[in-house]
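# How does the following fold in three dimensions:
(one chain, ligands or ions: 1)
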Amino acid sequence: MTTPRTLEARALHRTYGTRESTTTALAGVDLTLAAGSSLAVTGPSGSGKTTLLHLLAGVLAPTSGEVVWDGRPLSTMRDRERTALRRTAFGFVFQQGQLLPELPAQENVALPLLLAGRSRSEAVGRARQWLTHLGLAGMEARRPGELSGGQAQRVAIARALVGAPGVIFADEPTGALDRGTGWEVMRALTTAARAQGAALVVVTHDPEVARWCSRTVEMRDGRIVRELAQVAS
Ligand SMILES: Nc1ncnc2c1ncn2[C@@H]1O[C@H](COP(=O)(O)OP(=O)(O)OP(=O)(O)O)[C@@H](O)[C@H]1O
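Numbers count the residues shown, from 1 in each chain. From the prediction side, this is the model:
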C-alpha cells in the first residue's frame with residue numbers, strides 16, 4: 001500500500017539509444033518521498049541524476065519499473081492525464097531561463113493558474129502573496145531582466161509553488177548563482193516547500209546545497225550508492 005501524497009520509485013531502469021548502442025542511465029532505483037520531506041540527489045556527471053528527476057516527474061517513461069504518485073502508477077495514466085498531473089501536482093525549478101522575459105514577475109507567477117483556468121483576480125492575488133512570502137514585495141512589476149539572479153530564482157520558486165503542488169522538482173536551482181545567493185535561494189525553496197507541505201527533490205553537484213535537504217542520496221552509474229539523513233538547516 002502507498003500512503004497518499006507519497007511519490008514512490010520502484011526498481012526504475014532507463015536506457016537510451018538503440019539495441020546496437022545502449023547507455024544505461026538508471027540501473028534499478030527505489031525511493032520513497034513523503035509529503036513535506038526533501039531529498040537531494042547528488043553524484044558525478046553522467047550518474048543519472050537528471051534522468052531520475054525526469055522519470056519521477058513523468059517527463060520521461062522508465063524502460064522498466066514504476067513511478068507511483070498518490071497511490072497511482074504513472075504508467076496507467078493517459079498522456080493527457082500525465083500532462084495535467086505535471087501542471088497541477090508537480091512544480092519545477094530549473095537552473096535559469098524559465099521565466100518569460102517579456103512578462104512582469106507577477107504575471108510570470110500567475111501564469112500556471114491562468115493556464116489552469118483560474119480567474120485573473122485569484123491568479124494575481126495568489127501570485128502577489130507568494131512574491132511577498134519570498135521577500136519580493138514591491139518587485140511585482142519588474143521583468144526578469146530587471147531582477148538579480150537570486151531574485152529571479154525566487155520568482156521561479158513562487159511560480160513553482162503557486163498552484164499548491166505536492167512535489168517540487170529542482171534541477172541545479174543554484175547552479176547559476178554565487179554561493180551566498182545560492183544559500184538564500186535554498187533557504188527560500190526549502191522553507192516555502194515545507195510551508196506548502198510539498199515534497200522537494202533537488203538535483204545538485206554541491207554538498208552545501210544538499211545540506212538543506214532532510215535526506216541525500218548519492219548516485220553512481222545509475223544506482224544509489226549511499227544515503228544520508230541530516231537535520232535540515
Ligand atoms: N537523451 C539521451 N540520449 C542518450 N544518452 C543519454 C541521454 N540523456 C542522458 N544520457 C546518458 O545517460 C547517462 C545519465 O545522464 P544524466 O543526464 O541523467 O546524468 P546526470 O547525473 O544528470 O549528469 P550531469 O550532472 O552531467 O547533468 C549519461 O551517461 C548520459 O550520457
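
# Which helix or which strand is home to the residue most central in space within the chain?
Geometric centre of the chain, nearest residue: Phe169, 1.0 Å, by C-alpha atoms, centre = their mean. Phe169 is located in strand 167-171, with elements delineated by DSSP states H and E.

# isn't the residue nearest to the centre of the chain right next to Leu56, touching?
Yes. Between Phe169 and Leu56 a contact is recorded at 7.0 Å, counting by C-beta atoms under 8 Å. Yep, even glycine has a C-beta here, placed from its N, CA and C like the rest.

# overlap in contacts of these two?
Val201 (C-beta atoms under 8 Å, 6 or more residues apart in numbering).

# how about the residues of the chain that lie near the ligand?
Contact residues, the chain versus the ligand (C-beta under 6 Å from any ligand atom): 16-17, 23, 25, 43, 45-51.

# hmm, which of the residues you listed are the buried ones?
Burial by neighbour count, 16 or more other C-beta atoms under 10 Å: within the residues of the chain next to the ligand this picks out 25, 43, 47-51.

# Now do the SS call for Val67.
Assigned by DSSP: H, G, I helix; E, B strand; the rest coil, the conformation of Val67 is strand.

# Next one: Ala123 relative to Arg78, how far apart?
Per C-beta to C-beta, to the nearest Å, Ala123 is found 27 Å from Arg78.

# So which of the two has more stuff around it?
Taking other C-beta atoms under 10 Å, Ala123 and Arg78 do not tie; Ala123 has more neighbours (23 against 8).
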